[in-house]
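[1] take a look and give me a structure for this.
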Amino acid sequence: MQDLNFEITQHFLDDRGQRAGFILLGCFLGAFLFIRTSARMIRSPKFAWWPGSVKTKSGLHLHHLVWGICLMMSSGFLNFVLKPGSPWSEVLAAAFGIGAGLTLDEFALWVRLEDVYWSQEGRISLDAVVVATLLGGMIVLGLAPFDLSSQGGSIGSLVVAVLIDIVLSALAILKGKPLLGLIGIFVPPVSLVGAIRLASPTSPWARRRYAPDGRKMAESRSRFARMRKRRRWLSDAIGGTPSAQ
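    You can find the predicted model right below:
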């Protein structure tokens, strides 16, 4: 068993594309965790010794997504133009991953066009990081969208498999489970779980198919209230508690 695991790992690391993707994803997560921890330390009076935010003499605050965008642009440009071999391709992948981590940590600023980093609206930055990590991880591991790489048989059977996958993913999304729907594009059983389980009380499916005072709606509200409480605790642990409104 150990020899088998070693062979799989060795083959995985021998593939330059997957190796670069693995390094990129690792640096992406590392940069996100570092900058989020740094921001929390700046926010806390217990860490007055920690360096503060970057500001110009005029008082202009340079968000860390600025550095992330610059790093992504420069490393991506160099990778396209130079098309370097190993180890420089891995170095550029690491730089791109770090830039992506710095940038996605402030994803909320992209869509809000205002500094909502410590507000409840700023939580979408954590959601963006989770989605990017899951999708990027599945691609690095070699999973193909709709799992076409593992399908055999005729064109008709492939079309049917893709349609079933799309329907299951769409049902999961309509039931208020977009993450399960996205993962299901790569791993169909995941979207199947999302499609058959109880819908979120605020989802289009629940609003159209569950009676407002019915048993299913009551069960949905109770179940998703517990889930939101666990997610809120996890988000606070990773990203910090939002400021009081």
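[2] where does the prediction get shaky in the chain?
    For the chain, applying pLDDT under 70 flags the ranges 1-13, 54-59, 144-154, 244-245.
[3] just the helices in it please.
    Remark: helices assigned in the chain by DSSP state H are 2-14, 16-43, 64-82, 88-104, 107-112, 124-140, 155-174, 178-186, 188-196, 204-209, 215-239.
[4] need the contact partners of the last one.
    This means helix 215-239. Helix 215-239 has contacts (C-beta atoms under 8 Å, 6 or more residues apart in numbering) with 36, 122-123, 125-126, 176, 198-201, 206, 210-211. (Each C-beta comes from the backbone N, C-alpha and C, glycine too.)
[5] how close does Arg123 get to Ile183?
    From Arg123 across to Ile183, the span is 20 Å (C-beta to C-beta, to the nearest Å).
[6] who has more neighbours, the two?
    For Arg123 versus Ile183, the count of surrounding residues by other C-beta atoms under 10 Å is larger for Ile183: 23 against 17.
[7] check contacts around that one.
    Residues near Ile183 by C-beta under 8 Å, 6+ apart: 134-135, 138, 190-191.
[8] please pick the buried ones from these.
    Among the contacts of Ile183, those classed as buried by 16 or more other C-beta atoms under 10 Å are 135, 138, 190-191.
[9] okay, those residues in CSV with distance to Pro51 next?
    Listed next are the buried ones among the contacts of Ile183 as CSV, based on distance: C-beta to C-beta, whole Å:
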residue, distance to Pro51
Leu135, 33
Met138, 36
Val190, 42
Ser191, 44
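[10] picking up where we left off before, which of the contacts of helix 215-239 are buried? Put it as a ChimeraX command.
    Burial among the contacts of helix 215-239 is assessed by 16+ other C-beta under 10 Å; the matching ChimeraX selection reads:
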select :36,122,123,125,126,176,198,199,200,201,206,210
